[in-house]
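Engineer: Here is a sequence together with a model predicted from it:
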Amino acid sequence: MIHELPDFIRALDAADPVRNFRSKFSLPSGVIYLDGNSLGALPAATLPRLEEVVRQEWGTGLIRSWNTHDWIGASRRVGDKIAALVGASAGEVVVAESTSVNIFKLLMAAIAARPGRNVILSEAGNFPTDLYVAQGIAAFLPHISVRAAEPGQMLDAIGDDVAVVLLTHVHYKTGDKYDMAAITRRAHDHGALMIWDLCHSAGAVKVDLGAADADLALGCGYKYLNGGPGAPAFLYVAKRLQTQLQSPVTGWLGHAAPFAFTDDYRPAPDIGRFLSGTPPILGLTALETGIDLLVEAPRDQLYEKGQKLCSLFIELVERNCAGYGIEIATTRDSKARGSHVSLRHAHGYPIVQALIAEGVIGDFRAPDILRFGFTPLYLSYADVWRATEILRDILATGRWDDARFKARAAVT
Ligand SMILES: Cc1ncc(COP(=O)(O)O)c(C=O)c1O
């Protein structure tokens with residue numbers, strides 16, 4: 001049985017300063033979308049903007065649009081917009097490739113800048129691609145090895161043999177958030193470079209790369225930036241490092257003068273050297289449309305609401321779902337987490353599938369994590385209330401315990 005929406009929830013929504021942003025998204029009715037931490041929702045402006053770019057800029061403008069519509073500058077232009085979201089300056093961020101490829105580029109650049117050091121330090125249980133790319137590099141470079149420290153021991157694990165530390169700011173499973181400034185300081189104290197993976201931070205929580213004296217960072221465009229499935233990723237290189245570091249992918253668009261068409265590579269004197277080839281204009285268009293909503297939003301209020309949604313969810317799950325084997329896997333400390341909350345349950349997979357069948361979309365991360373993202377741009381307090389009511393009802397009735405919820409799909 002689902003209870004009526006209580007007055008205090010209505011009051012929270014009525015007082016929500018960013019509630020109008022929901023109408024700027026095309027969300028299906030009957031769905032409570034708690035997976036914007038995995039794939040952001042579709043902004044209402046994306047389809048018309050894509051249609052305009054396809055019909056007019058591509059269809060009519062043809063190749064002229066590289067100049068007339070500044071397609072050629074899109075990687076930097078959208079990068080500058082992302083810079084404003086993550087506490088970087090204009091000229092410190094570009095949009096390029098995927099997160100995985102940017103991890104490769106930045107790790108290689110950092111290793112080359114720290115000769116004589118032989119360790120890539122990361123975290124046990126980090127998002128797999130971060131570890132896999134580091135391991136792939138170690139397989140190619142015999143003097144490099146990967147050390148994966150336990151999260152609680154990270155500060156102690158940073159020693160003088162470390163060339164580069166690669167950490168995810170907000171953990172993809174637990175939602176726990178590192179103290180970016182403290183870890184970066186320790187890396188610098190030991191002469192290492194620091195790379196932050198911002199996939200679960202950018203657009204979700206306040207990030208201040210400048211204040212943390214961050215060296216390098218990267219992140220994806222398809223989660224809280226709402227750039228669409230497979231949106232291009234971004235990377236950040238602090239201005240003070242840009243001319244010291246080299247990209248291992250020395251494509252023509254990273255050249256100082258790509259249209260001089262010379263035979264010898266000469267890197268651009270700025271962040272442009274981390275570009276490689278022709279940018280995906282349709283993907284960049286969708287990404288820019290998503291980012292424009294965040295640029296427009298009062299971000300401090302947005303992040304505060306994200307935390308309130310997370311806290312409300314935790315509080316309601318604790319209060320209403322006790323006794324069904326659910327454990328809260330994310331910290332209660334709103335200053336030490338991202339904008340998603342993870343629960344643990346031995347039957348997490350079928351419970352998530354039962355929720356999805358009833359319109360509450362979260363996801364599952366093996367072996368036992370039920371993950372729920374709280375995207376303040378398009379979620380209401382009422383959504384959180386209803387989602388926890390449906391969760392409680394599914395647990396109380398045991399209707400998750402059904403064969404149709406147990407067959408694992410390719411994407412969980
Ligand atoms: C922390 C983190 N890094 C990287 C990725 C994925 O990398 P890519 O965008 O190359 O698929 C994810 C995907 O969820 C992630 O959570």
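Structural biologist: That came through fine. Residues are numbered from 1 along each chain as shown.

Engineer: hey, let's count contacts and neighbours off CA atoms from now on
Structural biologist: Noted.

Engineer: In the chain, mark out all the helices, start to finish.
Structural biologist: Counting by DSSP state H, the chain has these helices, from start to end: 7-14, 46-52, 65-68, 74-85, 99-113, 128-140, 154-157, 180-189, 281-296, 299-320, 348-357, 381-397.

Engineer: Including mean pLDDT, mean neighbour count and distance to A410, could those helices go into a markdown table?
Structural biologist: Converted to a markdown table, those look like this (pLDDT from 0 to 100; neighbours: other C-alpha atoms under 10 Å; distance: least, C-alpha to C-alpha, whole Å):
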| stretch | mean pLDDT | mean neighbour count | distance to A410 |
| --- | --- | --- | --- |
| helix 7-14 | 98 | 13 | 36 |
| helix 46-52 | 98 | 15 | 28 |
| helix 65-68 | 98 | 14 | 38 |
| helix 74-85 | 98 | 22 | 31 |
| helix 99-113 | 98 | 22 | 20 |
| helix 128-140 | 98 | 16 | 16 |
| helix 154-157 | 96 | 16 | 33 |
| helix 180-189 | 98 | 18 | 34 |
| helix 281-296 | 98 | 20 | 24 |
| helix 299-320 | 97 | 19 | 28 |
| helix 348-357 | 97 | 22 | 12 |
| helix 381-397 | 97 | 20 | 23 |
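
Engineer: OK, contacts around G227?
Structural biologist: In this structure, G227 makes contact with G40, G221, G283, L284, A286, L287, E288, T289, G290, I291, judged by C-alpha atoms under 8 Å, 6 or more residues apart in numbering.

Engineer: Let's have those residues in CSV, adding distance to the ligand.
Structural biologist: Converted to CSV, those look like this (distance: C-alpha to the nearest ligand atom, whole Å):
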residue, distance to the ligand
G40, 12
G221, 8
G283, 13
L284, 14
A286, 16
L287, 13
E288, 17
T289, 19
G290, 16
I291, 17
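
Engineer: of all the residues you listed, which two lie farthest apart?
Structural biologist: G40 and L284 (15.0 Å; C-alpha to C-alpha).

Engineer: one step back: quick one: which of the contacts of G227 is nearest to G73?
Structural biologist: L284 (10.8 Å).

Engineer: if I pick the nearest residue to that closest one once chain neighbours are set aside, what's in contact with it?
Structural biologist: Distances taken as C-alpha to C-alpha, 6 or more residues apart in numbering place P232 nearest to L284, at 6.7 Å, with adjacent residues excluded. Contact analysis of P232 by C-alpha under 8 Å, 6+ apart lists V95, A96, E97, S98, T99, C220, G221, Y222, P280, G283, L284, L287.

Engineer: Phi and psi next, for P232.
Structural biologist: phi -60, psi 160 (degrees, to the nearest 10).

Engineer: how close does A268 get to the ligand?
Structural biologist: A268 is 25 Å from the ligand, where distance means C-alpha to the nearest ligand atom, to the nearest Å.

Engineer: that older thread, who wins for proximity to K24 among the helices of the chain?
Structural biologist: Closest among the helices of the chain, once you apply C-alpha to C-alpha, is helix 281-296, at 8.3 Å.

Engineer: Check which helices and strands the closest one sits against.
Structural biologist: Using 3 or more C-alpha pairs under 8 Å, 6 or more residues apart in numbering; DSSP states H and E as the contact definition, the elements that helix 281-296 packs against are helix 46-52, helix 74-85.

Engineer: got the residues of this structure near the ligand?
Structural biologist: Within the chain, the positions near the ligand by C-alpha under 6 Å from any ligand atom are S98, T99, S100, F127, T129, T168, Y172, D197, C199, C220.

Engineer: longest strand in the protein, by residue count?
Structural biologist: Among the elements of the chain assigned as strand by DSSP state E, the one spanning the most residues is strand 162-168.

Engineer: Turn the helices of the chain into TSV, including distance to T243.
Structural biologist: TSV is the format used below for those (distance: least, C-alpha to C-alpha, whole Å):
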stretch	distance to T243
helix 7-14	48
helix 46-52	35
helix 65-68	27
helix 74-85	17
helix 99-113	11
helix 128-140	23
helix 154-157	29
helix 180-189	18
helix 281-296	26
helix 299-320	32
helix 348-357	48
helix 381-397	47
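
Engineer: Quick check: end-to-end length of stretch 292-301?
Structural biologist: The separation between the terminal residues of stretch 292-301, taken as C-alpha to C-alpha, to the nearest Å, is 16 Å.

Engineer: Let's see stretch 75-90 as PDB, backbone CA atoms only.
Structural biologist: Written as PDB, here are the backbone C-alpha positions of stretch 75-90 (Å, rounded to 0.1, in the frame of the first residue of the first chain):
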ATOM      1  CA  SER A  75      35.800  21.300 -28.200                       C
ATOM      2  CA  ARG A  76      37.300  24.400 -26.600                       C
ATOM      3  CA  ARG A  77      34.000  26.300 -26.400                       C
ATOM      4  CA  VAL A  78      32.100  23.500 -24.600                       C
ATOM      5  CA  GLY A  79      35.300  22.900 -22.600                       C
ATOM      6  CA  ASP A  80      35.200  26.400 -21.300                       C
ATOM      7  CA  LYS A  81      31.500  25.900 -20.200                       C
ATOM      8  CA  ILE A  82      32.500  22.800 -18.300                       C
ATOM      9  CA  ALA A  83      35.400  24.700 -16.800                       C
ATOM     10  CA  ALA A  84      32.900  27.000 -15.100                       C
ATOM     11  CA  LEU A  85      31.200  24.000 -13.600                       C
ATOM     12  CA  VAL A  86      34.300  22.500 -12.100                       C
ATOM     13  CA  GLY A  87      36.200  25.500 -10.800                       C
ATOM     14  CA  ALA A  88      38.700  25.700 -13.700                       C
ATOM     15  CA  SER A  89      39.600  28.700 -15.800                       C
ATOM     16  CA  ALA A  90      38.800  29.200 -19.500                       C
END
